[in-house]
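with the input below, show me the fold.
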Amino acid sequence: MSEGLFGAESNEGSVTRIRPERTGASRGTVARLAALPGVSTASAVADAAEHAKAAGQVLPVAPALAGLLPREGLRRGSTVAVRGSTSLLLALLAEATARGSWAAVVGVPGLGLVAAEELGVELARLALVPHPGAEFPAVTAALLDGLDLVAARPTAGPGGETLARRLSARARQRGSVLLSLGAWPGAEVELRCRTVRWTGTEDGHGHLREREVVVEARGRAALARPVRATVLLPGPKGVVGVPDTALPTTSRSAAPVAPVREVAG
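Below is the predicted model:
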């Protein structure tokens, strides 16, 4: 346990949790963050991040989600907004962390770590900042400097749009991926999903095993016309998958599809 600008920091299991104090200080934020034991995430991990940048400009995602993204993955420097589904956000983190990338989640205190692990997120490469408070801009910027992916819940209030655009610019400069749990001004891609059905209780009893959802992607350039795919979130083994009777992904040259409603989970 350590104390400092970021308050108490501890490792719960293999996940790093950082609790920033509500102070106005922002100088030395990156240095303080780098000094935290679990966040060799902004210092030692920065070396791994540099290696990953040299290796490729697109971070991998599960095959079931690849067709929804312009380069079939998460392009470094981009911002992707996930509307209404924490499970979808976690699914986007899974493949990259499993292959060695480092990630952080900022401002989502109710994040389910069991669900994250079941969806394939490598918890040993995940840092959590559940309550960033007034330090949200400084903490998020610092993490974007040192990690491959940073997921954050947008802050409400005056200046929110300006802050969002500044953080997106930081991600572009550093070659990291910014994922938003909610609407994010200027996001290159926006993903929404709706539940089609749950399976597992066909006889009126039993356990829910899998959820079939339709995910719709909207954005710029290649995604000017929406595309969508039917996926299992979660699938029978917990991870994201494709149902046997999946709807085909809408061609990007096809007519726009009707928008889908958001669903939590």
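
tell me how many other residues surround Pro158.
Around Pro158 sit 7 other residues, with neighbours defined as other C-beta atoms under 10 Å. The way it works is simple: take the backbone N, C-alpha and C, and place the C-beta from them, glycine included.

offset the numbering so it begins at 706, please.
Renumbered: residue one is now 706, and that last one reads Pro863.

surely it forms part of a strand?
No - applying DSSP: H, G, I helix; E, B strand; the rest coil, one finds Pro863 to be coil, outside a strand.

mind listing the strands for the stretch 806-955 of the chain?
Defined through DSSP state E, counting those that start in this stretch, the strands belonging to the stretch 806-955 of the chain, from first to last, are 808-811, 831-834, 854-857, 882-886, 894-904, 915-924, 932-937.

may I have the residues that are in contact with Gly778?
For Gly778, the contacting residues are Val763, Leu764, Pro765, Val766, Ala771, by C-beta atoms under 8 Å, 6 or more residues apart in numbering.

whoops, I mixed them up, Gly782
Gly782 sits next to Ala876, Arg877, Gln878, Arg879, Gly880, Ser881, Val882 when contact means C-beta under 8 Å, 6+ apart.

got the contact list for the closest residue to Ser873 other than its chain neighbours?
Once flanking residues are discounted, Ser873 sits nearest to Thr784: 4.4 Å by C-beta to C-beta, 6 or more residues apart in numbering. Thr784 makes contact with Ser873, Ala876, Val882, Leu883, Leu884, Ser885, Trp889, Gly891, Ala892, Glu893, Val894 under the criterion C-beta under 8 Å, 6+ apart.
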